[in-house]
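1. Sequence and computational prediction follow.
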Amino acid sequence: MFLQQIQSILTHKLSPKIFKLNSEIYGFQYNHNRTDKSIKKVMLTIDLSIRALHFAVKNKINLIISYHGLFRNPTEKFNQDLINKLTLLTKYPIAIFVLNSSFIAAEGGVSDTLANVLYLDIKRTFDIKNDKDIKVPIGRICTPKNYLNNNQKLTLENLIKRIKTHLELTHVSYIGDLKKIVNKVCVVGGDISNLQYLKKAKALDCDCYITGRIDYFSAIYSRDISLALIETSHYSIEILALKKMCNILSLEFPYVEFTLFESTDPFNIYI
């Protein structure tokens, strides 16, 4: 397989370039001079930690597909952590392709995966516009499904318990009344926190919003407008979405070795 072949399926299907949000990094971030380069080993990872890069160099990976990049914003100077990573990358010729928010919006991506794992019925996409005025289906508007097809209404507490069970979490942060009935849910995967998204979800008659990150102002706003808000572990759901991508790519390119590097969640929970 050539580098340009996997680039094509990523940018047009699995994590479309058109879904890139504004100025965030997307696509090749390191060592992509030759798109006709032959690729034998590919590693998928959530982040480009030192551990992930050590694994890639040790196993002679040709291409890393990472959800997060080497750095988030344009950098004016290299800190020691970045210097260490770049030094390590010089040990073996590895290309790096960064997905970022395009993989949240993609069909079968992070938002789709989160909705499906939580046994929610996807009714439509939750669209926002990027700086190029392109609609990006960053989330999913869903209705709850009940196990065994019973008619019992789903409460916020039931939904939180479902999240804890299916994502194997020890705790879940939330805003709202646990006894409140949940009828319509907006799911936005990843670690995006945006007050405008909450306002739009409320305007679409959603009574619950699930996301990977909640900031303080979003919490206050949601409480004021009675919009239940749930924060999930974005690591847990992103690793599930990457597993799906790894399986798809393995079927698409059967003669290439694909590996999912499961770095641990950097957040620790004190119970």
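-> Okay, I see it. This is a predicted model, so every value here is computed, not measured.

2. Touching stretch 169-184 from outside, list them.
-> Contacts of stretch 169-184 with the rest of the structure, by CB atoms under 8 Å, 6 or more residues apart in numbering, involve 141-144, 153-160, 163-164, 204-208, 214, 219, 222-223, 226-233, 236, 269, 271. (C-beta placed from N, C-alpha, C; glycine too.)

3. ok, of those, which come out buried?
-> Judged by neighbour count, with 16 or more other CB atoms under 10 Å as the criterion, the buried members of the contacts of stretch 169-184 are 141-142, 144, 154-156, 158-160, 163, 206-208, 214, 219, 222, 227-233, 236.

4. how about the strands of this protein, start to end?
-> Listed in chain order, the strands of the chain (DSSP state E) span residues 27-30, 41-45, 63-66, 95-98, 120-129, 135-144, 173-175, 185-188, 208-211, 228-231, 257-261.

5. got the contact list for the first one?
-> Residues from elsewhere that reach strand 27-30 (CB under 8 Å, 6+ apart): 7, 11, 17, 69-70, 89, 94-98.

6. same question, the third one
-> Identification of contacts with strand 63-66 by CB under 8 Å, 6+ apart yields 3, 6, 10, 39, 41-48, 52, 56, 94-99, 245.

7. Kindly report the same for the fourth one.
-> Contact partners of strand 95-98, identified using CB under 8 Å, 6+ apart, comprise 3, 6-7, 10, 25-32, 37, 48, 62-70, 89.

8. mind running it again at 10 Å?
-> Contacting residues not belonging to strand 95-98 are listed as 3, 6-7, 10-11, 15, 24-35, 37, 39, 42-45, 48, 53, 56, 61-70, 89 [CB atoms under 10 Å, 6 or more residues apart in numbering].

9. which parts of that strand are buried?
-> Buried residues in strand 95-98 (16+ other CB under 10 Å): 95-98.
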